[in-house]
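Enquirer: what follows is a protein structure lacking sequence information:
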């Protein structure tokens, strides 16, 4: 079963504009899907997204269609590992092995696994090996600086109503102010909801330790 085409499909999801000045709503979300098709017209899909759809979809499209697609067209779908290794080996000295190039390769690899599963009539978990039947999820929200505790509760409440029992929020440079907001959010959520916090690569080790001690007092169970 040979690969016939590899396409990148960028698209943008624009917010409704009803919450101006808010990170989640004022910026469009740039997303990108990968479509790999065999000569037998079987199609597999993958996705490229670093976080919150804030990548450069059209730039990654060029990486996939200019650099990766020629490496795969005409190849036999015999081994996803071999094809992924070919992409990484060929582009390492040309595009590097971090950031956008790896995002692009990962999206193509996801599509290849999806394609192989369809060709073999198996789920990807059957091919790779299933380790568990259920995976806990959490609601990933925005920076605490975006608004008061009530605002953050409003953002994550739809997920809580669906049964999600964990939420993640983000701390910015003004972490002392954000910690006060977090204290208020903890009171609104109650003790039965797990809180996770992302430091967004802002802090030194000493500052992170100071924040971690405060997060422990608030009842946060995870600090990234």
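Expert: Noted; the coordinates are in hand. All of these numbers come straight from a predicted model, not from anything done at the bench.
Enquirer: how is the chain carved up into domains?
Expert: As given by automatic domain parsing, the domain ranges for the chain are 3-128, 139-223.
Enquirer: worst mean pLDDT among the ones you listed?
Expert: Among the domains of the chain, domain 3-128 carries the lowest mean pLDDT, a mean of 86.
Enquirer: make JSON lines from the domains of the chain and add mean neighbour count to it.
Expert: Glycine gets a C-beta too; all of them are placed from N, C-alpha and C. Output for the domains of the chain, formatted as JSON lines (neighbours: other C-beta atoms under 10 Å):
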{"stretch": "domain 3-128", "mean neighbour count": "16"}
{"stretch": "domain 139-223", "mean neighbour count": "16"}
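Enquirer: helix or strand right after the longest helix anywhere in the chain?
Expert: Across the chain, the longest stretch assigned as helix under DSSP state H is helix 99-120. Using DSSP states H and E, the helix or strand that follows helix 99-120 in sequence is helix 124-128.
Enquirer: strand partners (parallel or antiparallel) of the helix or strand following that next one?
Expert: Following helix 124-128 in sequence order, the next helix or strand is strand 139-143 (DSSP H and E). Strand pairing for strand 139-143, using DSSP bridges, gives strand 166-170 (parallel).
Enquirer: for the strand it pairs with, give me every contacting residue.
Expert: Contacts with strand 166-170, where a contact means C-beta atoms under 8 Å, 6 or more residues apart in numbering, come from 136-144, 152, 156, 159-160, 182, 185, 189, 193-200, 222, 224.
Enquirer: go again using 7 Å as the cut-off
Expert: Residues from elsewhere that reach strand 166-170 (C-beta atoms under 7 Å, 6 or more residues apart in numbering): 136, 138-144, 152, 156, 182, 193-198, 200.
Enquirer: before we move on, the earlier item: gap between the longest helix of the chain and the chain center?
Expert: 15 Å (C-alpha atoms, centre = their mean, to the nearest Å).
Enquirer: quick one: contacts of that helix?
Expert: With contact meaning C-beta under 7 Å, 6+ apart, helix 99-120 is reached by 1, 6, 32, 34-36, 38, 42, 44-48, 50, 55, 59-60, 63-64, 68, 77, 80, 83-84, 87-88, 91, 95, 123-124, 127.
Enquirer: among these, name the ones in strands.
Expert: Secondary structure defined by DSSP state E assigns 6, 32, 34-36, 38, 44-48 of the contacts of helix 99-120 to strands.
Enquirer: closest to residue 173 among those?
Expert: Looking at the ones in strands among the contacts of helix 99-120 and their distance to residue 173, the nearest is residue 48, at 28.7 Å (C-beta to C-beta).
Enquirer: any idea how far the residue nearest to that closest one when sequence neighbours are not counted is from residue 172?
Expert: Closest residue in space to residue 48, ignoring its immediate chain neighbours: residue 107 at 3.4 Å, by C-beta to C-beta, 6 or more residues apart in numbering. Separation of residue 107 from residue 172 (C-beta to C-beta, to the nearest Å): 29 Å.
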